[in-house]
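**Q** The following block contains a protein sequence and its predicted model.
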Amino acid sequence: MHVVALAPWDKYRELAAIPSIVVARTPGNAYEHVTLNERTFPPFADVRVRRALISALDRQGYARTILDGLAPVADGPIQPVSWAYTDRVARYPFDPGKARALLDEAGWAPGADGIRARGGKRLAFTLITQAGYAIRESIAQAVERQLREVGVDVAVELRDGTALAAIWFEGRFDAMLHWWQLPSDPELTTFFAADRTPPAGRNINYFRDDRLTELLYASDRTVDRARRKALLERAQAIIADEVPEIPLYSITRLDAVPASLVNFKGNPTNTGIFWNVHEWAIR
């Protein structure tokens, strides 16, 4: 018996067409997003710029085409599989007109070549992502194209996956397309608290919001689930409103298993597929 955990998304149709194989689709506790490094690229510190960038991207279109309908658009870091998830947050539909208006308001005027500039500096940055990951490469190309349409110059750089960890931890990038796997407990502090920039945490947006930081630490100290959920819902609302990063889509875990295998259940966490192996059987 052969089982393939975390099958590549670009192989989904090929695998699903094999009669002897079932591709289990499990909503994951992870999300793909674009990190916006405010430390190395100061324009990202302007919320109008961040809202413009997310408004310029047709994320629903990505989900429908590039992602082959396998994953829904994400509006924040906590995913629907979590008890702390809320859908009562700001959303940003595809609206290039709004993106242009926000960039105009922020003082970024189109130049002769269509790329915006302010104070003699072009609105241009580098987006890094993992080489050899077909879905990410396609998403990065779509982001590059659509941001250029509103006057933002994006250069995509593909990096070896083994090198990315050092790059993000040291903050040596402008923007990065990648994913975060959240812990089973919906703790956001390490990703968004102001004092959790590397090496103290994973706030590689270098984003600072004192209201958010206070809420996150309060949620960490709270045992009562209802109270904690309320705190995390407020935190999600702030994150959606401030757009410290651009959420793209929830990760769907694809596991290819024999059609003869019964009681296989995918796992949304990093625990792995063998968590209920004692229940597996062959029919």
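**A** Nice, I can see it. Because the structure is predicted, anything quoted here is derived from the model rather than measured.
**Q** Show me the strands in the stretch 101-250 of the chain, by range?
**A** Secondary structure of the stretch 101-250 of the chain (DSSP state E, counting those that start in this stretch): strands located at 109-110, 116-118, 121-122, 124-130, 153-159, 175-181, 245-258.
**Q** Quick one: closest of those to A90.
**A** Among the strands of the stretch 101-250 of the chain, the nearest to A90 by C-beta to C-beta is strand 245-258 (11.3 Å). (C-beta placed from N, C-alpha, C; glycine too.)
**Q** Would you mark the buried spots in the closest one?
**A** 245-257 (16 or more other C-beta atoms under 10 Å).
**Q** same question, stretch 142-152
**A** The neighbour-count check on stretch 142-152 (16+ other C-beta under 10 Å) flags A142, V143, Q146, L147, V150, G151, V152 as buried.
**Q** Next step: these restricted to helices.
**A** A142, V143, Q146, L147 (DSSP state H).
**Q** Reformat these as a markdown table; add pLDDT and distance to F44.
**A** What follows is these, written out as a markdown table (pLDDT from 0 to 100; distance: C-beta to C-beta, whole Å):
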| residue | pLDDT | distance to F44 |
| --- | --- | --- |
| A142 | 98 | 20 |
| V143 | 98 | 14 |
| Q146 | 98 | 17 |
| L147 | 98 | 13 |
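**Q** between those residues, which is closest to A17?
**A** Nearest to A17 among those: A142, at 25.8 Å, using C-beta to C-beta.
**Q** Let me know whether the closest one touches Y62 as I believe.
**A** Yes. When contacts are counted by C-beta atoms under 8 Å, A142 is listed as touching Y62 (6.1 Å).
**Q** for the chain, longest helix please?
**A** helix 225-242.
**Q** Quick one: list the elements packing against it.
**A** With contacts taken as 3 or more C-beta pairs under 8 Å, 6 or more residues apart in numbering; DSSP states H and E, helix 225-242 sits against helix 210-220.
**Q** Straight-line length of stretch 31-48, end to end?
**A** This stretch, stretch 31-48, spans 23 Å end to end (C-alpha to C-alpha, to the nearest Å).
**Q** what is in contact with A142 and Y62 at once?
**A** Counting by C-beta atoms under 8 Å, 6 or more residues apart in numbering, no residue touches both A142 and Y62.
**Q** Count the neighbours of P244 for me.
**A** Neighbourhood size, P244 [other C-beta atoms under 10 Å]: 25.
**Q** before we move on, what about A166?
**A** The number of residues packed near A166 is 9, by other C-beta under 10 Å.
**Q** Include distance to W280 when you put the buried residues of stretch 142-152 into CSV, please.
**A** Output for these, formatted as CSV (distance: C-beta to C-beta, whole Å):
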residue, distance to W280
A142, 39
V143, 40
Q146, 44
L147, 46
V150, 50
G151, 54
V152, 49
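**Q** Using JSON lines, lay out the strands of the stretch 101-250 of the chain together with distance to F192 and mean pLDDT.
**A** Converted to JSON lines, the strands of the stretch 101-250 of the chain look like this (distance: least, C-beta to C-beta, whole Å; pLDDT from 0 to 100):
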{"stretch": "strand 109-110", "distance to F192": "32", "mean pLDDT": "98"}
{"stretch": "strand 116-118", "distance to F192": "27", "mean pLDDT": "98"}
{"stretch": "strand 121-122", "distance to F192": "28", "mean pLDDT": "97"}
{"stretch": "strand 124-130", "distance to F192": "21", "mean pLDDT": "97"}
{"stretch": "strand 153-159", "distance to F192": "24", "mean pLDDT": "97"}
{"stretch": "strand 175-181", "distance to F192": "11", "mean pLDDT": "95"}
{"stretch": "strand 245-258", "distance to F192": "9", "mean pLDDT": "94"}
